[in-house]
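Novice: No letters, just coordinates:
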């Protein structure tokens, strides 16, 4: 059984079918990319997975630690906390007036809050909370190091350069301790060098953390290079699925991206 | 800014001023023995319009930094611990103040009022400054605290120290009660609902005569005692009052000084509690919620709990301040808990710089002291007060203390 299985996912906004009977799965230690032209419904799929939208039809099942979580029945914050899906956003959503380090600590809120015994142990300054905080800071520092932002740890997140903000958002999602990391266009707005670094980072996360990565991306050089499996959406429906080489050669995918040759016929 | 453009802007401003001044200042209804008569005061209009023209011209020429740059008061770069030092200095001053020669009854009473507002500002700072939930009905919790203290003290005869936690707990409960229906709201919508909530509490207190005494309020609320020793000149037989206990002469200042230190201690406790919470996960979650609620949810933070805890804790401190207010006044009525009080407390938080503890102190001092100092200007004082506020907001749009200290630093934490 897969870690995450999506079946018959369908959402309608009024008369528009934004996502139409889409199914795919995500596995530990694999990068699954969702691609498609603008308006194909990729981000809508993410918003369903992470609980921001409720699908009209379909089932999203997360299996971890011998338990099954039906995501369509859970509140958004429970999906992140219990089922273990963390995401980044197409338009970066950091906490801009908090420092980079604080951003990463907020991501570990639930663990820390429990350790602080709902603030009581924290207020009293008990060792139990102090050691938990120390561990959280170590973890945050390790991630800052991995995304190359140790020098900016105490800078306001909103004042960081754009590329740094993108990487910080990924580090923040990872600090939440996810089993599935959902990245919504992480390479948008990055220059080629930054894109290459980002691809390396995502591959590194896959290799070392052994988690599943779901990726929405327009930058095909990134997608083709790092993806293990690609799902292609167009007008809300899945038109192709498979390995990068398979998808690249699929006529339906080429038609969706480049248009059909019917005018010439 | 080029002279011609400044001249044009000054002309525009003068025109607008003239349009407003002619009907508002130019004509005056005079009540004479023969009936009503209209006087004209066009000389006043001319002076006013001239003043606006020159002022605007000066402003335009002085600014000269192009559009949008505005007036900014760029404070010199201060060392990072300047705020702490200044705060400590203020605290030491507050401790010795009652023993300085300037401390007459009027000054200490005024200082008590300022400290009440400092405490209210710090309480509201949790809700507005940290959690970013715009609350226009904060005075409701102040009222709940005051009435809880008054009712428990009058009907059960419980002492201040027993009633204080009860008042705080009841206010916190009301904070949660208000919090639940407004969980989904943000910004303007939240402000409207909290405003309504504040008015509801006041109107219930006004109309539920059997419970709260209605508009007549509650009188003869027990005065606080010095841990059981009363401040009084004519004690009940067998009771030793404060001045006899300590072998002093009786003076009303003893009670007032005690009240002063009481509210000082309460306010300080509020401050330390808030500063501590800010460095805990809950405090960071409040600030994260203020910054981006959607990102909070995506990280597994339950926004409901975060919001309710902010409402409850903010309300609790409002309740403490209310209990103190009741025991200090000895009399409370719904008139003390009108919307204008909420507005003043919110103004303290915003003017001070959202989330800044020191800013609240400075702003509370300003907003309470300035109207008091301007008393001799009688009817013009609110105009001067408004002018001062506008100027501050022009110079410091982020509030007086806009600086935010990180709750943790990487170097210090390792």
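Specialist: All right, it came through fine. In this text, all values refer to a predicted model and were calculated from it rather than measured experimentally.

Novice: what residue is smack in the middle of the chain?
Specialist: Let's take chain A. The centroid of chain A falls nearest to residue A:182 when counting by CA atoms, centre = their mean (1.4 Å).

Novice: try again with chain B
Specialist: The centroid of chain B falls nearest to residue B:345 when counting by CA atoms, centre = their mean (2.6 Å).

Novice: which residue packs closest to that one, ignoring adjacent ones?
Specialist: Excluding its sequence neighbours, the residue lying closest to residue B:345 (CB to CB, 6 or more residues apart in numbering or on different chains) is residue B:120, at 4.8 Å. For every residue, glycine as well, the C-beta is placed using N, CA and C.

Novice: Phi and psi next, for the one you found.
Specialist: When read as degrees, to the nearest 10, the backbone of residue B:120 gives phi -60, psi -40.

Novice: immediately after the helix or strand containing residue B:326, which helix or strand?
Specialist: Assessed by DSSP states H and E, residue B:326 sits inside helix B:303-329. Per DSSP H and E, the first helix or strand lying C-terminal to helix B:303-329 is helix B:339-352.

Novice: So the residue nearest to residue B:345 sits against residue B:320, correct?
Specialist: No: contact criterion CB atoms under 8 Å: residue B:120 and residue B:320 do not qualify, at 9.6 Å.

Novice: Which one's more surrounded, the two?
Specialist: residue B:120 (32 against 28; other CB atoms under 10 Å in any protein chain shown).

Novice: Contact partners for the more buried one?
Specialist: For residue B:120, the contact set (CB atoms under 8 Å, 6 or more residues apart in numbering or on different chains) comprises B:138, B:142, B:317, B:318, B:321, B:345, B:348.

Novice: separation between it and chain A?
Specialist: Remark: distance between residue B:120 and chain A (CB to the nearest CB, to the nearest Å) = 22 Å.

Novice: Return the residues of chain B in contact with chain A.
Specialist: Counting by CB under 8 Å from any CB of the partner chain, chain B comes close to chain A at B:273, B:276-277, B:279-282, B:284-285, B:287-288, B:291-292, B:294-303, B:404, B:406-411, B:413-414.

Novice: which of the residues in the helix or strand containing residue A:21 are buried?
Specialist: Using DSSP H and E, residue A:21 maps to strand A:16-26. Buried residues in strand A:16-26, counted by 16 or more other CB atoms under 10 Å in any protein chain shown: A:17, A:18, A:19, A:20, A:22, A:24, A:25, A:26.

Novice: beta partners for residue A:184?
Specialist: Partner residues in beta bridges with residue A:184, using DSSP bridges, are residue A:216.

Novice: Hmm, it is touching residue A:87, no?
Specialist: Yes: applying CB under 8 Å as the test, residue A:184 and residue A:87 come out as touching, 6.6 Å apart.

Novice: Give me the common contacts of those two.
Specialist: In contact with both residue A:184 and residue A:87: residue A:46, using CB under 8 Å, 6+ apart.

Novice: Looking at those two, which is more packed in?
Specialist: Shown here are residue A:184 and residue A:87; by other CB under 10 Å, residue A:87 has more neighbours (28 against 23).

Novice: Make sure that one is actually in contact with residue B:298.
Specialist: Yes: under the criterion of CB under 8 Å, residue A:87 makes contact with residue B:298 at 5.3 Å.

Novice: joint contacts of these two?
Specialist: Residues touching both residue A:87 and residue B:298 (CB under 8 Å, 6+ apart) are A:50, A:80, A:173.

Novice: Would you mind giving me the confidence score for the residue nearest to residue B:345?
Specialist: Listed pLDDT for residue B:120 reads 96.

Novice: how's the chain carved up into domains?
Specialist: Reading this off chain A. According to automatic domain parsing, chain A comprises the domains A:1-84+A:179-265, A:93-177.

Novice: Sorry, I should have been clearer: chain B.
Specialist: B:3-65, B:89-395.

Novice: Which one of those lies nearest to residue A:232?
Specialist: Shortest distance between residue A:232 and the domains of chain B, using CB to CB, is found for domain B:89-395: 25.3 Å.

Novice: Please state the offset of the closest one from the chain centre?
Specialist: On the basis of CA atoms, centre = their mean, to the nearest Å, domain B:89-395 sits 8 Å off its chain's mean C-alpha point.

Novice: Also stretch A:84-95?
Specialist: Centroid displacement of stretch A:84-95 relative to its chain, using CA atoms, centre = their mean, is 7 Å.

Novice: how many other residues sit next to the residue lying closest to residue B:160 once chain neighbours are set aside?
Specialist: The shortest distance from residue B:160 to any non-neighbouring residue, by CB to CB, 6+ apart, is to residue B:224 (4.6 Å). By other CB under 10 Å, 22 other residues sit near residue B:224.

Novice: now residue B:207
Specialist: Residue B:207 has 12 neighbours, counted by other CB under 10 Å.

Novice: How about residue B:328?
Specialist: 23.

Novice: Roughly how far does residue B:200 sit from residue A:56?
Specialist: The spacing between residue B:200 and residue A:56, counted by CB to CB, to the nearest Å, is 39 Å.

Novice: what residues are up against residue B:399?
Specialist: By CB under 8 Å, 6+ apart, the residues touching residue B:399 are B:350, B:351, B:352, B:353, B:354, B:356, B:359, B:363.

Novice: If we ignore the residues flanking it in sequence, what's nearest it?
Specialist: In space, residue B:399 is closest to residue B:353, 2.8 Å off (CB to CB, 6+ apart).

Novice: Quick check, that neighbour in contact with residue B:401.
Specialist: Yes: the criterion here is CB under 8 Å, and residue B:353 meets it with residue B:401 at 4.1 Å.

Novice: Can you pull the residues that touch both of these two?
Specialist: Common neighbours of residue B:353 and residue B:401 (CB under 8 Å, 6+ apart) are residue B:359.

Novice: Could you measure from residue B:159 over to chain A?
Specialist: 26 Å.

Novice: what's the distance between the closest residue to residue A:24 other than its chain neighbours and residue A:42?
Specialist: Leaving aside its chain neighbours, residue A:24 sits nearest to residue A:231 (4.7 Å; criterion: CB to CB, 6+ apart). Residue A:231 sits 9 Å away from residue A:42, taking CB to CB as the criterion.

Novice: show me what contacts whichever residue of the stretch 151-265 of chain A sits closest to chain B?
Specialist: Nearest to chain B, among the residues of the stretch 151-265 of chain A, is residue A:153, at 3.9 Å (CB to the nearest CB). Contacts for residue A:153 were tallied using CB under 8 Å, 6+ apart; they are A:99, A:100, A:101, A:141, A:144, B:409, B:410.
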